[in-house]
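>>> A structural model of the following input is requested.
(chains A and B)
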Amino acid sequence: MHGTRILDEADRLMTVCNSCRYCEGLCAVFPAMEMRRAFSDGDLNYLANLCHSCGACYVDCQFSPPHEFNVNVPQTLAVARAESYATYAWPQALSGAFARNGLVISIVAAFSMAAFIFGFAALNDRGVLLGVHTGPGAFYKLMPHNAMAALFSAAFLYAILALVMSVRAFGRDIGAPIGGRADGGSIFQAIRDAGELRYLHGGGVGCYNEDDTPTDRRKLFHHLTFYGFLLCFAATSVATLYHYLLGREAPYPWWDLPVVLGTLGGIGLVVGPIGLFVAKSRRAPELLDENRYGMDVGFIAMLFLTGSTGMLLLLLRETAAMGPLLALHLGAVFALFITMPYGKFVHGIYRFAALVRYAQERRSEAGS
Amino acid sequence: MGSKYDVLVIGGGNAALCAAIAARRAGASVLVLEGAPKFYRGGNTRHTRNMRCAHDAATEILTGPYTEEEFWEDLLRVTGGQTDEVLARHMIRESKDILNWIVEQGVRWQPSLGGTLSLGRTNSFFLGGGRAMLNALYLTAERLGVDVEYDAEVTGLVIEDGMFLAARLKRPINGETEIRATSLVAAAGGFEANIEWLKQYWGEAADNFLIRGTPYNRGSILKMLLDKGVQKVGDPTQCHAVAIDARAPKFDGGIITRHDSVVFGIVVNKHSQRFYDEGEDIWPKRYAIWGRLVAAQPDQIAYIIFDSTVVTSFMPTLFPPIAGQTVAELAGKLTLDPAALEKTIAEFNAGVRPGTFDHTILDDCVTEGITPAKTHWARKIETPPYLAYPVRPGITFTYLGTRVTREARMLMADGKPSANMFAAGEIMAGNVLGKGYAAGMGMTIGSVFGRIAGREAAKHARN
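Residues are numbered from 1 along each chain as shown, chains lettered A, B, ... in the order given. Prediction:
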């Protein structure tokens, strides 16, 4: 059998589901399952990362508990999915970070925010930290631009490296081509599927909560969060280009592109995580992996902190609160970056890799 | 004593909910009494996956037209003519509209499932299966204001001169009560889970039957109606029965215990003897005969035997095949006489004539000189490991029921129509299905006559 209890259970369930197939129209998990008659560890981790836990297959299943076949695909795949993050984490020495993830993330976040505050206080005198700074270069009175760029580039590049190494291990295990051999069509299809959260829809009516009325709005709040995040990232990138190519220093006026992008993104990053948190509290417990509550909430909280400190910084940047807020915001962003490979953020990366694999399988099946 | 409803629906499956919704939409107050707990609501509907409806043109999910005439011919063939033509043709005509009506009640279709391509033209599949369909119907019924009670065991019916007056209801907590209603729709299914009742017709053999649906399909409402003078229809031994894995649970194993591998091998009984042409016709057309065939064998057990070359030719199974490196080893694991099984397989292999195998058509791979012959897809069983599935009769639903008119109105034993009693679904399936079965017909009977019964019951109540 498999290495873990949860993969054994996932294997049992996929054998049940593969002899039924009633759910094949609901999402990508079941068509992918039907392409197989037996399931390796990698196959099961692949299926687990295609699942959004929308719950449709659970409420539709004639064999879900209390039936003796005890079929609970969303919960089983949620546990398997979370365990897969630790399995493929790079370096493996840090895979334990997933075990008590909420605690790890909050400690890292608190520590890095404190570090920025003390750093600003130690490197500048109190007058600078709590002073009022306006005009171009105001932020860099607290931290020189080059230092800021170097620190965040290093954190970001580390996150990218760790994520790439992790997803390579995942890709090898699920049978996806290593490196760049995935065809463009499949990648484009996966970008579309991920971009519209195609399979987070309960088979078309929405996801399921405590009862059998699909009222879940996770898709909307996930869009706000994800596109908010992308807009914020775009704002930072545009600002970096302004700085180096045009020699224009932050802060920028409210109508300038980096601020417009950042404001829209910031709204998404505040509203989205709040909505996801509320939606999470309303979900049926039997669909969820309750042990991962800390990981999920930790990531939601990090995104909310990033968005909300950024928005506050924008609103109060011409007051004495700018210094401490900048420290908090940079601390939040830094913590978000360095914990990315070891928290809920990875779900998007693994899901995307799984969607690429799924698109490839569909294409080769259609071609054969 | 409760308030009086316009329409009381007894049962909680497809037919019951279609009746409840149709009656409610026609302006009636409606109570649904489902005898099962909420999770097991819906009787056999929870295990279904599609419905057979006539349609004149391809649709988004159906690959081509399926005319009323073709539907009628299919029904005529599977029942061997044992059907009520007027009623059946009426049902087939109504089925065309059901295809749209059921969607208006919240049910969603999808293209035919993997491994069921042969049904892609005739049968519409429920997205998510029968329980998803039920969830949608219950949601719609509740939104419309239909009252639903679960664990609601009806212990008696008050009927005078073919006129329904009230039902006695035993609730798990509040004890016995009487529910009065102006019209009754009985949609409480057959008696397949009532082994004692089955034994009246099948004898001790019924102990070896497996029941594909829940233990709640006990036929108690059917029995009450027949005892109160409603006219009977159908042969009590007739039912929709298929061969399912002998390792399945006694009740509610549903779809996943079935086997599609008969055409790829041979089927022997406990004496290692073949007893029927395994290659008679394309599987979906003949799968429903194997329940009765196995029921007629000693101890109601049989074994599908094949070899390693065909393992991937059919759907993966819930229970793995039992394997042996030699025929004798396999026989030992199946507790069959090794010499007898070796002899049967050797004779079968000697009878196989060369041909071009194609399981999608009636191919030319046949046997000669053995009885019974295998008339298609006959190939030698000679590549180890040798594999087997033990199978038993899996009873889906019974055909004994209440006779009804085109309005789904029950007829009394004296031939007079009841003033206010209607029936829909398996409880009256025997009007259409004298014997035999074709995929999806149970749901057609349920939805079509459910909607008719609901409308007629409401019409009676509102007059």
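>>> which residue does chain A have closest to chain B?
The nearest approach of chain A to chain B comes at A:Y22, 3.0 Å away (Cβ to the nearest Cβ). (Each C-beta comes from the backbone N, C-alpha and C, glycine too.)
>>> and that residue, how far is that from A:F30?
Distance of A:Y22 to A:F30, computed by Cβ to Cβ, to the nearest Å: 9 Å.
>>> so the two - more neighbours on which side?
A:Y22 (30 against 24; other Cβ atoms under 10 Å in any protein chain shown).
>>> residue contacts, that one?
Shown in contact with A:Y22 (Cβ atoms under 8 Å, 6 or more residues apart in numbering or on different chains): A:D60, A:C61, A:Q62, B:R49, B:L113, B:F126, B:G128, B:G129, B:G130, B:A132, B:I255.
>>> now, which of those lie within strands?
Among the contacts of A:Y22, the residues falling in strands (DSSP state E) are B:F126.
>>> my read: A:C51 touches A:A78, true?
Yes. In this structure, A:C51 is within contact of A:A78 by Cβ atoms under 8 Å, at 7.3 Å.
>>> would you agree the residue of chain A closest to chain B falls within a strand?
No. Looking at A:Y22 with DSSP: H, G, I helix; E, B strand; the rest coil, it is coil, so not inside a strand.
>>> any figure for the gap between it and B:R131?
For A:Y22, the distance to B:R131 equals 8 Å [Cβ to Cβ].
>>> find residues that contact each of the two.
Counting by Cβ under 8 Å, 6+ apart, the shared contacts of A:Y22 and B:R131 are A:D60, A:C61, A:Q62.
>>> near chain B, from the residues you listed?
A:D60, A:C61, A:Q62 (Cβ under 8 Å from any Cβ of the partner chain).
>>> got those residues as a markdown table, with pLDDT columns?
Shown next, in a markdown table, are those (pLDDT from 0 to 100):
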| residue | pLDDT |
| --- | --- |
| A:D60 | 93 |
| A:C61 | 96 |
| A:Q62 | 97 |
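>>> which helix or strand in chain A has the lowest average pLDDT?
Sorting the helices and strands of chain A by mean pLDDT, DSSP states H and E puts helix A:126-129 at the bottom, at a mean of 80.
>>> how far does that one sit from the chain's center?
36 Å (Cα atoms, centre = their mean, to the nearest Å).
>>> try stretch B:90-104
The chain centre lies 19 Å from the centre of stretch B:90-104; the measure is Cα atoms, centre = their mean.
>>> what do you get for stretch B:71-88?
Offset of stretch B:71-88 from its chain centre (Cα atoms, centre = their mean): 16 Å.
>>> in the stretch 351-463 of chain B, mark out all the helices, start to finish.
B:441-462 (DSSP state H, counting those that start in this stretch).
>>> show me what residue of it gets nearest to chain A.
B:Y389 (12.0 Å).
>>> quick one: residues contacting the closest residue to that residue other than its chain neighbours.
Excluding the flanking residues, the one nearest B:Y389 by Cβ to Cβ, 6 or more residues apart in numbering or on different chains is B:I304, at 4.6 Å. B:I304 makes contact with B:A243, B:H259, B:S261, B:V262, B:G265, B:I266, B:V267, B:A388, B:Y389, B:V391, according to Cβ under 8 Å, 6+ apart.
>>> B:I304 and B:H271, how far apart?
On the measure of Cβ to Cβ, B:I304 and B:H271 end up 16 Å apart.
>>> also A:L325?
Applying Cβ to Cβ to A:L325 and B:H271 gives a distance of 86 Å.
>>> can you give me the end-to-end span of stretch B:429-439?
Using Cα to Cα, to the nearest Å, the end-to-end distance of stretch B:429-439 comes to 14 Å.
>>> hmm, that stretch touching chain A?
No. If you take Cβ under 8 Å from any Cβ as the test, stretch B:429-439 misses chain A, and the best it gets is 14.1 Å.
>>> so how far is that stretch off the chain centroid?
9 Å.
>>> strands of the stretch 301-450 of chain B, start to end?
Taking DSSP state E, counting those that start in this stretch as the test, the strands found in the stretch 301-450 of chain B are B:302-307, B:322-324, B:386-398, B:401-402, B:409-411, B:417-423.
>>> just so I know, which of those lies nearest B:G64?
Ranking the strands of the stretch 301-450 of chain B by their distance to B:G64 (criterion: Cβ to Cβ) puts strand B:386-398 first, at 27.3 Å.
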